[in-house]
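> Okay, structure incoming, though there's no sequence with it:
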């Protein structure tokens, strides 16, 4: 049995408890105990946590690690060889940034998740959604108005391009196909979006019956449906049909918030793609005039919707929604959310709440005995200065399942 003790850090365990100066003991990849100060614990390895905050490993409920080009093409103008190498880099960087579990919200072939679990790529635990499912003319139908033929089709094992389907039976087939290929949950577009050529933002996409067909198939596999939904009418359709996770939730009204609470669903806001911080703005894709107008409308309403969701009691997850070849800095989403709901709630959204959403609360999300030793050290007091969590040198140590994958300052030493 290998025992690692993290000493001298301020522990924020993700449960809502006040920060505490406590050691943390890790044994064989699991959290074993959090003894109080001054209690001697034998260790094979000691990690010096002085001057840092110890947090659960971060999670992200809305990544697109397989979308490294601007839609409609997942890879842009790159060859498939270049595409594969860039996706590998994105996966590896995500772990180094402190994200130990992510849910891919579409565009990443499930084989990537298997390669991480097999140890062939060093990355976070990945929960893949496979190809996103859209209706004709929906947010995932990236044809220009004059085009009749889809230019970009999925290539199973490499590219998880959107599936365009219509009608409950076609939706069922598409969902079954994603689950067959290894998706752990399924993603549908049910409202208009910003970066798509033909759909108005207010368009309601897929009927309740079509969404319910997806929910039925997902439930038969023991999983759930997440939906892209910016507007309240689309959100109401989704929860009526049984969707579990509403992505974006940007334009929320009180009636819809009440229905979401009654349904026991989650909202995963994605704020940094609406108003990216200066550290990321040069990496965001350029938009057309029509797309800029849609983005301005969504951005104007999003923070108020997050406050309304919080006040209504809707569980708020955390997702970044980054695309492109450079997806470093996804923790800025936590920083932006902290400006709306406070640092502790923002951290919990990216740890404990996401873990419940994923159905993994018995494994991750809090630093409690028996859970996976997924954890990070953040420089300084993370609650007093939350920005450190997103800065390039702000996370000097990352551990996944008890293995140290980043130790910039040599804080680990033999016990």
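Structure's in. What do you need? Being a predicted model, the structure only gives us computed values, none of them experimental.
> worst-scoring helix or strand of this structure, pLDDT-wise?
Lowest on mean pLDDT, DSSP states H and E among the helices and strands of the chain sits helix 278-281, with a mean of 81.
> I'd like the average pLDDT over the helix or strand just after that helix.
Counting by DSSP states H and E, the element after helix 278-281 in chain order, helix or strand, is helix 289-312. Model confidence over helix 289-312 averages 95 on the pLDDT scale.
> Which positions in helix 289-312 come out as buried?
291, 294-295, 297-298, 301-303, 305-306, 308-310, 312 (16 or more other CB atoms under 10 Å). (C-beta placed from N, C-alpha, C; glycine too.)
> Redo those residues as JSON lines? Include distance to residue 93.
Shown next, in JSON lines, are the buried residues of helix 289-312 (distance: CB to CB, whole Å):
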{"residue": "291", "distance to residue 93": "27"}
{"residue": "294", "distance to residue 93": "29"}
{"residue": "295", "distance to residue 93": "25"}
{"residue": "297", "distance to residue 93": "32"}
{"residue": "298", "distance to residue 93": "27"}
{"residue": "301", "distance to residue 93": "31"}
{"residue": "302", "distance to residue 93": "26"}
{"residue": "303", "distance to residue 93": "28"}
{"residue": "305", "distance to residue 93": "30"}
{"residue": "306", "distance to residue 93": "27"}
{"residue": "308", "distance to residue 93": "34"}
{"residue": "309", "distance to residue 93": "30"}
{"residue": "310", "distance to residue 93": "30"}
{"residue": "312", "distance to residue 93": "35"}
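> what's the closest of the residues you listed to residue 166?
Among the buried residues of helix 289-312, residue 294 lies closest to residue 166 (CB to CB), at 23.4 Å.
> Would you confirm that that closest one contacts residue 201?
Yes: under the criterion of CB atoms under 8 Å, residue 294 lies in contact with residue 201, with a separation of 4.8 Å.
> joint contacts of those two?
Overlap of the contact sets of residue 294 and residue 201 (by CB atoms under 8 Å, 6 or more residues apart in numbering) consists of 192, 193, 194.
> Could you export the residues you listed as CSV, including distance to residue 153 and neighbour count?
Putting these into CSV (distance: CB to CB, whole Å; neighbours: other CB atoms under 10 Å) gives the following:
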residue, distance to residue 153, neighbour count
192, 23, 23
193, 20, 24
194, 24, 22
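> Same list (those) but as TSV, adding pLDDT and distance to residue 237.
Written out in TSV, the entries for the shared contacts of residue 294 and residue 201 read as follows (pLDDT from 0 to 100; distance: CB to CB, whole Å):
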residue	pLDDT	distance to residue 237
192	95	13
193	93	16
194	92	20
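> Pick out whichever of those sits closest to residue 240.
When those are ranked by distance to residue 240 (CB to CB), residue 192 comes first, at 18.7 Å.
> Please tell me how far the closest one sits from residue 205.
Per CB to CB, to the nearest Å, residue 192 is found 7 Å from residue 205.
> what sits in contact with each of those two?
Residues within reach of residue 192 and of residue 205 at once, by CB under 8 Å, 6+ apart, are 139, 199.
> one step back: go through the least confident helix or strand of the chain and flag the buried ones.
Neighbour-count burial for helix 278-281 flags residue 280 (criterion: 16+ other CB under 10 Å).
> what residues are up against residue 260?
235, 239, 246, 267, 309, 312, 314.
> mind listing what residue 115 touches?
Contacts of residue 115 were listed using CB under 8 Å, 6+ apart, and they are residue 121.
> so it, which of the three states?
At residue 115 the chain is in helix, as set by DSSP: H, G, I helix; E, B strand; the rest coil.
> go on, residue 59?
When classified by three-state DSSP, residue 59 comes out as strand.
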